[in-house]
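> predicted coordinates and the sequence they were generated for:
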Amino acid sequence: MLIFMFLQSIIGLDPLIVLNGSLPEGRLSVADYESMIKQLNVTFLKQEKIGRSFENRPIMAYYLCLEDNIKDKKHVLIDSLHHAREVITVQMNLYLLMSIINRIENGDPFFRMFLESTVIWFVPFINIDGYILVEQLFSNSTMPMVRKNRDTKMTAKCSLLEQGVDLNRNYGYQFNTVKSEGSDPCGETYRGQLAFSEYETQAIKNLVNRYEFILALNLHSYGNLFIIPYNYDNVQVPQDTLASKVYTHYDLYGGLPNGVHVGNAYSTINYLADGEASDWMLHEKDIIALSPELGIFDNLEDKNFFPDQNKSREILITYTTTLFNFISYAPFRPVFLGNSSRGDNIRYTFQNIGLQGSKNIEIISQGKPLIVFTCSQLEYDNNNQQCLKSQLLNSADNIIKPWDIFYIDVNANQQLIFMYKNKTVFQTYGTSNGYQNFEENKPNWFIYFLTIAILILFAIIGFILYKFYKSKIKPQIRYDQTSDLELQGDL
């Protein structure tokens, strides 16, 4: 145990531990989630009770931020379990949280910048009462099809699994507009008597009203769908809005898994949903929200709400990168559009596709398109290999807005000229020989070599013990081809 704790302190807790819960096929219980949160033991992870459920359970939220003052920052929401049977969303919620922590602790410059400017919230159990019922009814052969919360005020006469309100029909935008469903108290999509009648949706509303949220992931399952507003009818997000630009760009460049479709509910599955969370967040709060239906299934079967351990692992690995790509629109995020010759100068063109502006930038070449991160210095050179360092903008008047285009000209004398709205707002002098490479992009070789040395030491100790054991008795050897690496993944 001491050896495990020592290794954990060096390399961090493996996020795939979320596959080792106490429920069948390693699914997470509420207690499992809370226990794993306690194991993380990082100073920039905080927790807060944001409300209570119908059965008076606390609805907990966890947030990541590298600074104590969160009131004036932008915020991102990642929530799960509007519907109790969508168990993979709980594992994905914690998997994303743990993966971000690991990246921060391993010196990832992007997520460090992200958490300096933005707060990321995680609400794992919106429908905690429904999930407790799932836990109680779970067995290897029984998969409880609990969708709604446990509010029985209008549904007491319904069967156990039919009781409650569909929380994803209880939000305040276009509530009770789809007349063909949602009115039957025993139906799966019963919306409740009034918008925000439920304690659980009130908790989300109150959280969102307290801070300036700009992005949200409302995790669902199952299906190969990423649902965007609007879902109360076949209505598209207006094309001239920032939200439309983000959704369109994400559809093209978000690294979506093969077979995933992006669109509103009607265009993807010929389905309407009024009082839906993402619709309310976008229309009422200007939060660019997405509802990913996590799944890799070709068939429509109820068992897909409860993927086995191997399928759950595949879903986590398949979807993590594209979900990170979506929340990565939250901070300042310029991308490289191209370069051109202008006399003796080379002009590099960038566009900020992030939802926040910046007075300071750094530019780091990482494939195509060029990825740009934010900090207090500009870092760049002609060959996209070295990083030039210099102070950039000091005036708030020159802040780069979302979807703005800006330029950096480099002349023959290695003079950098920062152009914004056709005005020269910054320039610096010097040659590239006087600058250093960006240190945070270098791998931490000490940790790698130390880990390898410890593994070699374990191998030697194991070999010595094996030889000692073999000298005492003649063992019966059976070869097992099951690999201990079966549950490892590469983020």
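Yep, it's here. Residues are numbered from 1 along each chain as shown.

> in three-state terms, label Trp121 for me.
strand (DSSP: H, G, I helix; E, B strand; the rest coil).

> check the burial of it by counting its neighbours.
Trp121 has 24 neighbours, counted by other C-beta atoms under 10 Å. Using the backbone N, CA and C atoms, a C-beta is placed for each residue, glycine as well.

> contact partners for it?
Ala61, Tyr62, Tyr63, His75, Val76, Leu77, Ile78, Asp79, Leu207 (C-beta atoms under 8 Å, 6 or more residues apart in numbering).

> go on, Gly26?
By C-beta under 8 Å, 6+ apart, the neighbours of Gly26 are Leu19, Asn20, Gln309, Ser312.

> farthest pair in the residues you listed?
Asn20 and Ser312 (10.7 Å; C-beta to C-beta).

> neighbour count for those two, which is higher?
Just comparing Asn20 and Ser312: by other C-beta under 10 Å the higher neighbour count belongs to Ser312, 24 against 14.

> give me the element that one is part of.
helix 309-327 (DSSP states H and E).

> residues of that helix that come out buried?
Of all the residues in helix 309-327, those buried under the rule 16 or more other C-beta atoms under 10 Å are 309, 311-313, 315-316, 318-320, 322-324, 326-327.

> where in the stretch 251-400 of the chain is pLDDT low?
Where the stretch 251-400 of the chain drops to pLDDT under 70, the residues are 297-300, 336, 342, 358-399.

> strands along that one, start to end?
Shown for the stretch 251-400 of the chain, the strands assigned by DSSP state E, counting those that start in this stretch span residues 261-263, 288-293, 334-342, 345-352, 362-364, 371-373.

> any chance of those in a markdown table, plus distance to Tyr171 and mean neighbour count?
Listed next are these as a markdown table, based on distance: least, C-beta to C-beta, whole Å; neighbours: other C-beta atoms under 10 Å:
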| stretch | distance to Tyr171 | mean neighbour count |
| --- | --- | --- |
| strand 261-263 | 20 | 17 |
| strand 288-293 | 11 | 24 |
| strand 334-342 | 33 | 14 |
| strand 345-352 | 31 | 18 |
| strand 362-364 | 39 | 21 |
| strand 371-373 | 34 | 22 |
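
> let's have the ones you listed in CSV, adding distance to Lys49.
Below are the strands of the stretch 251-400 of the chain laid out as CSV (distance: least, C-beta to C-beta, whole Å):
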stretch, distance to Lys49
strand 261-263, 34
strand 288-293, 23
strand 334-342, 38
strand 345-352, 36
strand 362-364, 38
strand 371-373, 34
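
> out of the ones you listed, flag the one nearest Asp14.
Closest among the strands of the stretch 251-400 of the chain, using C-beta to C-beta: strand 288-293, at 23.0 Å.

> which residues sit against that closest one?
With C-beta under 8 Å, 6+ apart as the test, strand 288-293 has contacts from 214-229, 242-243, 246-247, 250, 276-278, 281-282, 319, 323, 326, 329, 355.

> so which bits of stretch 152-170 are buried?
For stretch 152-170, using 16+ other C-beta under 10 Å, the buried residues are 152, 154-155, 158, 161-170.

> low-confidence ranges in the stretch 101-250 of the chain?
For the stretch 101-250 of the chain, residues meeting the criterion pLDDT under 70 lie at 140-141.

> mind listing the strands for it?
Using DSSP E, counting those that start in this stretch, strands in the stretch 101-250 of the chain cover 118-123, 212-219, 225-227.

> quick one: strands adjacent to the last one?
Strand pairing for strand 225-227, determined by DSSP bridges: strand 261-263 (parallel), strand 288-293 (antiparallel).

> export those strands to CSV and tack on distance to Val30?
Shown next, in CSV, are these (distance: least, C-beta to C-beta, whole Å):
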stretch, distance to Val30
strand 261-263, 32
strand 288-293, 22
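
> relative to Lys148, which of the ones you listed is closest?
strand 288-293 (17.2 Å).

> convert that closest one to PDB, retaining C-alpha atoms only.
What follows is strand 288-293, C-alpha atoms only, in PDB (Å, rounded to 0.1, in the frame of the first residue of the first chain):
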ATOM      1  CA  ILE A 288     -23.100  27.900 -25.400                       C
ATOM      2  CA  ALA A 289     -24.300  24.500 -24.300                       C
ATOM      3  CA  LEU A 290     -23.900  21.000 -25.800                       C
ATOM      4  CA  SER A 291     -25.600  17.700 -24.800                       C
ATOM      5  CA  PRO A 292     -23.400  14.800 -25.900                       C
ATOM      6  CA  GLU A 293     -25.100  11.500 -26.000                       C
END
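
> how far does that strand sit from its chain's centre?
Put simply, strand 288-293 sits 11 Å off its chain's centre (C-alpha atoms, centre = their mean, to the nearest Å).

> for stretch 287-305, same thing?
16 Å.

> now do the end-to-end distance for it.
End-to-end span of stretch 287-305 (C-alpha to C-alpha, to the nearest Å): 28 Å.

> please apply the same query to stretch 52-62.
By C-alpha to C-alpha, the extent of stretch 52-62 from end to end equals 15 Å.

> follow-up on the earlier one: indicate which one of the strands of the stretch 251-400 of the chain is closest to Asn69.
Comparison of these against Asn69 by C-beta to C-beta identifies strand 371-373 as nearest, at 21.7 Å.
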